[in-house]
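A.B. asks: Okay, structure incoming, though there's no sequence with it:
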Ligand code: AMP
Ligand code: MG
């Protein structure tokens, strides 16, 4: 029942992270802001979390950090990270973990405020965030969720009524982020670098309890945790690749233990399918290009293994051997995850006797797409529109012989499975989105929202909420950016 006077907003506060060794965090309160004003609130997410939706939607002071929820222990987490390959000590420099929340099923969620003011980890930063990037994280993270990729979620964006100073003064805002946890590869790197073995062990046990409870019963629980993270990241990256998602800043501090996508700074979706695509203005060497994401994930997982080594085995050589074996499973796991998602996209059944042929069909399609630079999303979505071999659409791709050859190979494969064409079509449509957050559409919606008109932002959010169903309202969101538009550039979300 909604009780507008309930100061908890239905949050069942808990603080398991605060019971870890104190070197892993700093107790810090959000810094209140001048005039909290709700910009957007995620009623569906609040409901899914079991919050008192009406009370939560009417509590901008809570989501701004101005009003403390009873029973909570706000803290900033310490972490380190390899940023573009270089090790650095970091930490939540502009975020505070407000509380953990236990939902009705007993699942534990982090509720974090991003842009909540300085912390001991802020270094030279102001601890604040601007409205545009926070709304951008809101829309893209919610789109990712609807697209079916594991991700942190966005509960609210509140204007602070203050200015933040970047190259120019901008409206300040705070995002409420919800995550299965904010544990990162970098959290473990921090613990390992501190040299405090017991802190590292406590952190790893905490991660097992939250994300890999079955690992607790394994012969080597910390190795089983590592293995579970390797598997979760292999699945996640396969989903990104299938969706044409470019994270943009895959530093180890932006890679979660939960297998959720986190940190929507310079990320963007492909229009043209080109493996070398880089959107981030600071990624000059293309380290985090679309096509490099699987290799980078593996590189990051190697850093994770290094941090966990002392927990794998007391003998360093044995620990290294175990780590190498576990990490070596990443490529096969990634390939298996890719085969599974791509089969969905092509309407193919899982059949062991077709594994090699399917892998080859997928590879040749992706190669053709990369050579021609065709639109990633629309090329996949259009596969279900006509049965290959019917002739009618086989000439698409502008009479391209390579395209016709590919379609006939795909057609022969479809003919070898029991699944009917209508079933295959339904399967494809459930895996190939009709809409994604197109860069030019996101920018237009953000520009309007910052100027005070939330209409375009809300319409975009509504279209992205149901991306696999063909709807008339999707029409304006299907078009790629005009061919003569300048290359899309993104900036780290500060
Ligand atoms: P990111 O690039 O968003 O992953 O951030 C990298 C690190 O910089 C994290 O430790 C952030 O907390 C910190 N950071 C980013 N922006 C700010 C800011 N405005 N003030 C303080 N710290 C920041
Ligand atoms: Mg980050």
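C.D. replies: Received, thanks. Owing to the predicted nature of the structure, the values given are computational and were not obtained by experimental measurement. Ligands and ions are numbered 1, 2, ... in the order given.
A.B. asks: what's across from the residue nearest in space to the middle of the chain in the sheet?
C.D. replies: Taking Cα atoms, centre = their mean as the criterion, residue 261 is the residue nearest the geometric centre of the chain, at 2.0 Å. The partner list for residue 261 in beta bridges (DSSP bridges) reads residue 151.
A.B. asks: Distance of it relative to ligand 2?
C.D. replies: Per Cβ to the ion, to the nearest Å, residue 261 is found 12 Å from ligand 2. Glycine gets a C-beta too; all of them are placed from N, C-alpha and C.
A.B. asks: again with residue 202
C.D. replies: According to Cβ to the ion, residue 202 stands 23 Å off from ligand 2.
A.B. asks: Please apply the same query to residue 390.
C.D. replies: With distances taken as Cβ to the ion, residue 390 is found 49 Å from ligand 2.
A.B. asks: Just to check, residue 65 is in contact with residue 114?
C.D. replies: No - counting by Cβ atoms under 8 Å, residue 65 stays clear of residue 114, with 10.4 Å between them.
A.B. asks: Could you tell me which residues of the stretch 51-200 of the chain lie near ligand 1?
C.D. replies: Within the stretch 51-200 of the chain, the positions adjacent to ligand 1 are 90, 91, 92, 93, 94, 122, 125, 126, 127, 128 by Cβ under 6 Å from any ligand atom.
A.B. asks: coming back round to it: thought the residue nearest to the centre of the chain was touching residue 153?
C.D. replies: No - using Cβ under 8 Å, residue 261 is not in contact with residue 153, being 10.3 Å away.
A.B. asks: Check the contact lists of those two and give me the overlap.
C.D. replies: By Cβ atoms under 8 Å, 6 or more residues apart in numbering, residue 261 and residue 153 have these common neighbours: residue 141.
A.B. asks: and stretch 6-15, how far apart are its ends?
C.D. replies: Length of stretch 6-15, first residue to last, Cα to Cα, to the nearest Å: 20 Å.
A.B. asks: How is this structure partitioned into domains?
C.D. replies: 13-182, 183-494 (automatic domain parsing).
A.B. asks: Does the shortest one reach ligand 2?
C.D. replies: No - no part of domain 13-182 sits near ligand 2 under the criterion Cβ under 5 Å from the ion; the closest distance found is 7.6 Å.
A.B. asks: Find out how far that domain is from the centre of the chain, if you would.
C.D. replies: 15 Å (Cα atoms, centre = their mean, to the nearest Å).
A.B. asks: can you check stretch 198-215 too?
C.D. replies: Distance of stretch 198-215 from its chain centroid, counting by Cα atoms, centre = their mean, is 22 Å.
A.B. asks: And the closest residue to residue 376 other than its chain neighbours, what's its pLDDT?
C.D. replies: What sits nearest to residue 376 in space, not counting adjacent residues and going by Cβ to Cβ, 6 or more residues apart in numbering, is residue 244, at 3.8 Å. Note for residue 244: predicted pLDDT of 98.
A.B. asks: I figured residue 244 hits residue 436, correct?
C.D. replies: Yes - Residue 244 is in contact with residue 436 according to Cβ under 8 Å; the separation is 7.2 Å.
A.B. asks: From the residues of the stretch 51-200 of the chain next to ligand 1, list the buried ones, please.
C.D. replies: Of the members of those, the ones counted as buried by neighbours, 16 or more other Cβ atoms under 10 Å, are 90, 91, 92, 93, 94, 122, 126, 127, 128.
A.B. asks: measure the first one to residue 145 for me?
C.D. replies: The gap separating residue 90 from residue 145 is 26 Å, by Cβ to Cβ, to the nearest Å.
A.B. asks: cool, and the last one?
C.D. replies: With the distance defined as Cβ to Cβ, residue 128 ends up 26 Å from residue 145.
A.B. asks: between residue 65 and residue 114, what contacts are shared?
C.D. replies: By Cβ under 8 Å, 6+ apart, the residues touching both residue 65 and residue 114 are residue 174.
A.B. asks: can you tell me the residue of the stretch 101-250 of the chain closest to ligand 2?
C.D. replies: Nearest residue of the stretch 101-250 of the chain to ligand 2: residue 249, at 7.3 Å (Cβ to the ion).
A.B. asks: wait, what's in contact with that residue?
C.D. replies: Residue 249 sits next to 263, 265, 266, 267, 280, 283, 288, 492 when contact means Cβ under 8 Å, 6+ apart.
A.B. asks: now with 7 Å?
C.D. replies: When contacts are counted by Cβ atoms under 7 Å, 6 or more residues apart in numbering, residue 249 touches 263, 265, 266, 280, 288, 492.
A.B. asks: Now the first one: closest residue in space that isn't a chain neighbour?
C.D. replies: The reference is to residue 263. residue 254 is the one closest to residue 263 (Cβ to Cβ, 6+ apart), at 4.1 Å.
A.B. asks: Okay, now the sheet partners of the longest strand seen in the chain, with direction.
C.D. replies: Longest strand in the chain, counting residues (DSSP state E): strand 153-165. Paired strands of strand 153-165, with direction, are strand 37-41 (antiparallel), strand 169-179 (antiparallel) (DSSP bridges).
A.B. asks: pLDDT on that strand, on average?
C.D. replies: Mean predicted confidence for strand 153-165 is 98.
A.B. asks: Same question for stretch 230-238.
C.D. replies: 98.
A.B. asks: cool, and stretch 315-327?
C.D. replies: For stretch 315-327, mean pLDDT is 98.
A.B. asks: Tell me which residues are up against it.
C.D. replies: Everything outside stretch 315-327 that qualifies as a contact, by Cβ under 7 Å, 6+ apart, is 223, 226, 227, 230, 301, 302, 305, 309, 310, 312, 313.
A.B. asks: Show the buried residues in these.
C.D. replies: Among these, those classed as buried by 16+ other Cβ under 10 Å are 223, 226, 227, 230, 301, 302, 305, 309, 312, 313.
A.B. asks: quick check, the third one in a helix?
C.D. replies: Yes - for residue 227, which was evaluated using DSSP: H, G, I helix; E, B strand; the rest coil, the result is membership in a helix.
A.B. asks: Quick check, residue 138 in contact with residue 152.
C.D. replies: No - assessed by Cβ atoms under 7 Å, residue 138 is found out of contact with residue 152, at 10.8 Å.
A.B. asks: in stretch 331-341, what's buried?
C.D. replies: By neighbour count on 16+ other Cβ under 10 Å, the buried set for stretch 331-341 is 333, 334, 337, 338, 339, 341.
A.B. asks: just these now: which is nearest ligand 1?
C.D. replies: Distance to ligand 1 across these (Cβ to the nearest ligand atom) is lowest for residue 334, with 23.6 Å.
A.B. asks: Surely that closest one and residue 236 touch.
C.D. replies: No - with contact defined as Cβ under 7 Å, residue 334 does not reach residue 236; the gap is 9.8 Å.
A.B. asks: need the residues of the stretch 201-350 of the chain near ligand 2, please.
C.D. replies: 254, 263.
A.B. asks: quick one, strands of the stretch 201-350 of the chain?
C.D. replies: Under the criterion DSSP state E, counting those that start in this stretch, strands of the stretch 201-350 of the chain are mapped to 245-246, 268-269.
A.B. asks: Those strands into JSON lines, with extra columns for mean neighbour count?
C.D. replies: Putting these into JSON lines (neighbours: other Cβ atoms under 10 Å) gives the following:
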{"stretch": "strand 245-246", "mean neighbour count": "26"}
{"stretch": "strand 268-269", "mean neighbour count": "26"}
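A.B. asks: got a markdown table for those strands, with distance to residue 57 too?
C.D. replies: Below are the strands of the stretch 201-350 of the chain laid out as a markdown table (distance: least, Cβ to Cβ, whole Å):
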| stretch | distance to residue 57 |
| --- | --- |
| strand 245-246 | 29 |
| strand 268-269 | 29 |
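A.B. asks: Thanks a lot, catch you later.
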